[in-house]
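Asks: Sharing a sequence plus its predicted fold:
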Number of protein chains: 2
Amino acid sequence: MDDVFQNIGNKLTLSQRIERTLENAIREKKLPVGSKLPSEREMCESFGVSRTALREALRRLSARGLIIIRKGSGMFVSEIKIADAIKTLNLYYDLKFDENLLAQIIEVRCLFEPEIARLAAKNRSDENLAELEQCLDEFEKCDPDNTQREADIDNKFHLGITKSTMNPIMQVTMEPIYSLLPRMRNYIYANIEGEKVHTLKYHSDLLDAIRNREGDRSYSIMKAHLERTRGIYHKYMHK
Amino acid sequence: MDDVFQNIGNKLTLSQRIERTLENAIREKKLPVGSKLPSEREMCESFGVSRTALREALRRLSARGLIIIRKGSGMFVSEIKIADAIKTLNLYYDLKFDENLLAQIIEVRCLFEPEIARLAAKNRSDENLAELEQCLDEFEKCDPDNTQREADIDNKFHLGITKSTMNPIMQVTMEPIYSLLPRMRNYIYANIEGEKVHTLKYHSDLLDAIRNREGDRSYSIMKAHLERTRGIYHKYMHK
DNA sequence: ATCAGTATGATGTATGACAAATTTATAGCA
DNA sequence: TGCTATAAATTTGTCATACATCATACTGAT
């Protein structure tokens, strides 16, 4: 082990210790979600620290999404949302962004989404179906010049299929992928002449297969759909 | 639209505006990674705010991993790490944890990892191979009573395969899944009598297939490997 | 009972002071 | 000149106090 000598002089600051204490209390559900924290004055007293140190700990916790602070009202244990993690991932991608990113995303989608479509056909609920139908409808009616909105609806459709797997981990896993797409809207097939018709056909076929619980067919259609996207990328984008 | 009257009173606090300003500067790389921020005194002056407000903004940024603060030294723009996002996800799972989680994870792995194995066989480098070989070796030599270490090495092997796809998005996408596994070590097949032999065989076969760049075979072995895991889960764990 | 105004308590910001850690400058020496 | 040890300056961490701003509960008049 190389890390024998580490973590000894690693003194945490006071506010970090406070942060950790509160975080553990939340993790162990001594402070359940939705509950109100004591006021700053009270916590200062019970911790025996200044308001400054306490507040800086609370700022950190709120930045991480563990608590929400309402001015004049109080502080509450917050339900951590996937969105918090996705925000961090997005920031990561913002700084790591390179020209290969789009190709890599398409590759991931080609690999994962057909399987997702298969599972969705098996597990979908009627509500899922309704949502997908609405997406398709919106997509159909959408102004072709509004490529931004088009891409958003496209995205929502695919996310809807992922939700239909009824496996929340699946959704959490794929969310960051989908959240990456909007930022590269302008590079995406949506604004390639005549592509909307194809997308519409694929989506409509997919919906049909999922409605009838045809797993293998859903798989195939999704595969063809994304492979076409990949082809377009290589033809038009990849210089 | 129902939201005509929304988002007007939604005033951000001063420290939040400071946070956002600095965050944007980092995103736009006006403050490049590794660069030193001005001192608190200087920023207070240029922003025209108190030290309190500024510091609370800085605490938030450091909590989110955008900057690191060194007492007596200064503040520096930090390279955001995937680990930051994964920490948030882990917190999320900590609070959302229910008995279905393990089954859901296994399902995701059954769907995704065979495809990953196929791609890994195609794209792996010699370095990837060496890492996988080392994992296998360690796994073989590992004390069977040390199920914790065994599970960690197992994990590392699978993560190594994901890395071998040479697609960083793939890695980022799967990392949270793998990071979930250690916490459920005690529920996992590792401590089921005689299971190590099977795992070893699967891993060794997988390595062989990946070495020879046999994509389809890698797919099949991985599928069988994980389906066995799923079977064991349903047999032993799922009451 | 309804509504306006008020009192109270919560968080947000400002200021000044000192502590603690680090870096930089300085003085002394070889 | 170059090195070392000490001193000084700089920077972040914490404390204390005061006041501003927002949300809610209370009060009282209509």
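Replies: Nice, I can see it.
Asks: ok, the residue positioned nearest the centre of chain A - contacts?
Replies: Centroid-nearest residue in chain A, with C-alpha atoms, centre = their mean: A:Glu175, separated by 3.1 Å. Going by C-beta atoms under 8 Å, 6 or more residues apart in numbering or on different chains, A:Glu175 touches A:82, A:86, A:159. From N, CA and C alone the C-beta is placed, and that goes for glycine too.
Asks: Okay, it and B:Ile192: tell me how far apart.
Replies: Per C-beta to C-beta, to the nearest Å, A:Glu175 is found 33 Å from B:Ile192.
Asks: do A:Glu127 as well
Replies: The value you get for A:Glu127 to B:Ile192, if C-beta to C-beta is used, is 38 Å.
Asks: try A:Glu40
Replies: For A:Glu40 relative to B:Ile192 (C-beta to C-beta), the value is 51 Å.
Asks: ditto for A:Asp145
Replies: 60 Å.
Asks: quick one: which of those two has more around it?
Replies: B:Ile192 (14 against 9; other C-beta atoms under 10 Å in any protein chain shown).
Asks: Pull up the gap between that one and DNA strand D, please.
Replies: Going from B:Ile192 to DNA strand D by C-beta to the nearest atom of the strand, to the nearest Å gives 47 Å.
Asks: And A:Phe47, by the same measure?
Replies: Distance, A:Phe47 to DNA strand D, using C-beta to the nearest atom of the strand: 9 Å.
Asks: hang on, that residue packs against A:Leu54?
Replies: Yes - counting by C-beta atoms under 8 Å, A:Phe47 touches A:Leu54, with 6.5 Å between them.
Asks: tell me, what's touching the two both at once?
Replies: Contacts common to A:Phe47 and A:Leu54, judged by C-beta under 8 Å, 6+ apart, are A:Ile18.
Asks: More neighbours: these two, which one.
Replies: Using other C-beta under 10 Å as the criterion, A:Phe47 and A:Leu54 rank with A:Leu54 on top: 20 against 17.
Asks: Enumerate every residue touching A:Leu159.
Replies: Per C-beta under 8 Å, 6+ apart, neighbours of A:Leu159: A:171, A:174-175, A:178.
Asks: Of all the helix elements in chain A, which one is longest?
Replies: When chain A is parsed with DSSP state H, its longest helix is helix A:101-123.
Asks: Identify each buried residue in that helix, please.
Replies: A:101-121, A:123 (16 or more other C-beta atoms under 10 Å in any protein chain shown).
Asks: Check stretch A:63-73 too.
Replies: Across stretch A:63-73, burial judged by 16+ other C-beta under 10 Å covers A:63-67, A:69.
Asks: got the end-to-end distance for that stretch?
Replies: End-to-end distance of stretch A:63-73 (C-alpha to C-alpha, to the nearest Å): 18 Å.
Asks: Report the rounded mean pLDDT for it.
Replies: What stretch A:63-73 shows for mean pLDDT is 94.
Asks: Please see if that stretch touches DNA strand D.
Replies: Yes - using C-beta under 7 Å from any atom of the strand, stretch A:63-73 reaches DNA strand D at A:70-73.
Asks: in chain A, which ranges drop under the pLDDT threshold?
Replies: Applying pLDDT under 70 to chain A flags the ranges A:1-10, A:97, A:183-191, A:238-239.
Asks: wait, isn't A:Ile80 in contact with B:Asn90?
Replies: No - in this structure A:Ile80 lies outside contact range of B:Asn90 using C-beta under 8 Å: 10.0 Å.
Asks: Those two: which has the busier surroundings?
Replies: Neighbour count, other C-beta under 10 Å: between A:Ile80 and B:Asn90, A:Ile80 has more, with 22 against 19.
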